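Visitor: Predicted model follows, preceded by the sequence.
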Amino acid sequence: MTPDGTGPRTSHPADARRRGLLARADAAGHRPAVGTSATEGRLVITIGALTFAFLAVTFQLTSLEWGGLIGAAATLVLLAALPFLARARRDHERVHPRGYRRRWAAAAVWAVVVAGLGAYLWRSGLVDVAAPVWLTTAVALAAVAPLLALGAWLVRSAR
C-alpha cells in the first residue's frame, strides 16, 4: 500500500532516492571535464611523436652504415628534448577527464612492453631477426599509439 493507503506500493521510497542519486552520478561520469588543457594534449602527442621517431631509428641501427653515430645523435636529441617537453606538459596540466591516470598508466606499460620486445628482437644480438623498415616502423608506432591516442583524447576533451 502507498503511504496514504490508496493503492499498492510499486517500490520502496528509498529506491527513488537511490535511483536518483545513481542516475545523477552516472550522468556526471559521462560529462566532459571542464578546464581540460588542449595544449597539454598537444604536448603529449609531441612526446609520443618524439618517442616514435627515436624507436623507429633505434630499431634500424644495425642495418645503417653509420648506426652508432645516428643512434648517439637520436639518443642525445631525445634526452635533450624530453625534459623540456615534460616540464611544459606539467606547466600546462589542468583538469583531467575521468580515467586519465588509468589510460596514462596503460599507455606507459604498453610502450615499455612493445619497445622492450622490439629492442630484444632487433638490438640485443641474441636473436638474429632481419626485419624490413616498414615492420620496425610499425612496431615503433604500435608502441606509442596509446600515448598518441591519449593526447588526442585530451585535445578533444578540451573542446
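Guide: Yep, that arrived.

Visitor: gap between residue 82 and residue 109?
Guide: Applying Cβ to Cβ, to the nearest Å, the value for residue 82 to residue 109 is 18 Å. (Each C-beta comes from the backbone N, C-alpha and C, glycine too.)

Visitor: Look at those two and report which has more neighbours.
Guide: Under the criterion of other Cβ atoms under 10 Å, the comparison of residue 82 against residue 109 puts residue 82 first, with 14 against 11.

Visitor: Show me what the host helix or strand of the more buried one packs onto, helices and strands only.
Guide: Per DSSP states H and E, residue 82 falls inside helix 67-91. Helix 67-91 makes packing contacts with helix 38-59 when contacts are defined by 3 or more Cβ pairs under 8 Å, 6 or more residues apart in numbering; DSSP states H and E.

Visitor: Off-centre distance for the helix it packs on?
Guide: 11 Å (Cα atoms, centre = their mean, to the nearest Å).

Visitor: repeat for stretch 75-86
Guide: Relative to its parent chain, stretch 75-86 has a centroid offset of 18 Å by Cα atoms, centre = their mean.

Visitor: what is the mean pLDDT for that stretch?
Guide: In this model, stretch 75-86 has an average pLDDT of 94.

Visitor: buried set for it?
Guide: By neighbour count on 16 or more other Cβ atoms under 10 Å, the buried set for stretch 75-86 is residue 78.

Visitor: same question, stretch 57-75
Guide: Within stretch 57-75, the residues scored as buried using 16+ other Cβ under 10 Å are 57, 58, 59, 60, 61, 71, 74.

Visitor: OK, contacts around the fourth one?
Guide: Same thing as residue 60. Counting by Cβ atoms under 8 Å, 6 or more residues apart in numbering, residue 60 makes contact with 67, 122, 133, 136.

Visitor: So what's the residue count around the second one?
Guide: Each residue near residue 122 was counted by other Cβ under 10 Å, and the total is 21.

Visitor: Cool, thanks, talk later.
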